[in-house]
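In: Attaching a predicted model along with its sequence, questions to come.
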Amino acid sequence: MSEKDFEIISDSVEQTIEFGKKIGALLKGGEVFGLIGNLGTGKTHLIKGIAAGAGAPDMEHVNSPTFVIVNEYSGPEARLDIFHLDAYRLDSIAEFEALGFDDLCYRDSVVLIEWADKVLPALKDIDTITIELSHISETQRKFIFKNLPGYLSGLDQ
């Protein structure tokens, strides 16, 4: 792991959501996150926390957009527009680009992409924060964060 990388272990869904809230509270806007991991590794729970920490109005409505592909979480009290994409059902980079991905990336938005490994070529020119998620046990998950900006570097404390 490089200097900009770090790893955490989550012992529960609640801990994953709380850690996501810490991330969301520190976001400035303009970030793109690529989440990579198998089913059940905590991608959606981490995103629930990030959205809540960034001011999404109702964390209960944050769910994986597997069939609709893109969910937007915004509202009058939200400080950032949050776009949650799920690339699981996409068959090509062209499909991903046809979603208007570039239009979602602006100064006051945060883009969170589940199954980002399916669209990595489309992200190569973007300063993407990558999160690799994996199972340790039935309740424990490991998250490896890569390419964190300096203002997120204190998350490991």
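Out: Okay, I see it.

In: use CA for all of it now, contacts and neighbours both
Out: OK.

In: residues of the lengthiest helix in the chain that come out buried?
Out: Scanning the chain for the longest helix, with DSSP state H as the assignment, gives helix 13-26. Judged by neighbour count using 16 or more other CA atoms under 10 Å, the buried positions of helix 13-26 are 13, 15-25.

In: Excluding its own residues, what touches the helix or strand that it is followed by? List them.
Out: Next helix or strand after helix 13-26 toward the C-terminus (DSSP states H and E): strand 31-36. With contact meaning CA atoms under 8 Å, 6 or more residues apart in numbering, strand 31-36 is reached by 43, 105, 109-117, 126-133.

In: Using PyMOL, define a selection of the buried residues within these.
Out: Here is the PyMOL command that selects the buried residues among the contacts of strand 31-36 (16+ other CA under 10 Å):
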select buried, resi 43+105+109+110+111+112+113+114+115+116+117+128+129+130+131+132+133
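
In: Pop out the phi and psi values for Ser137.
Out: Backbone torsions of Ser137, given as degrees, to the nearest 10, read phi -150, psi -170.
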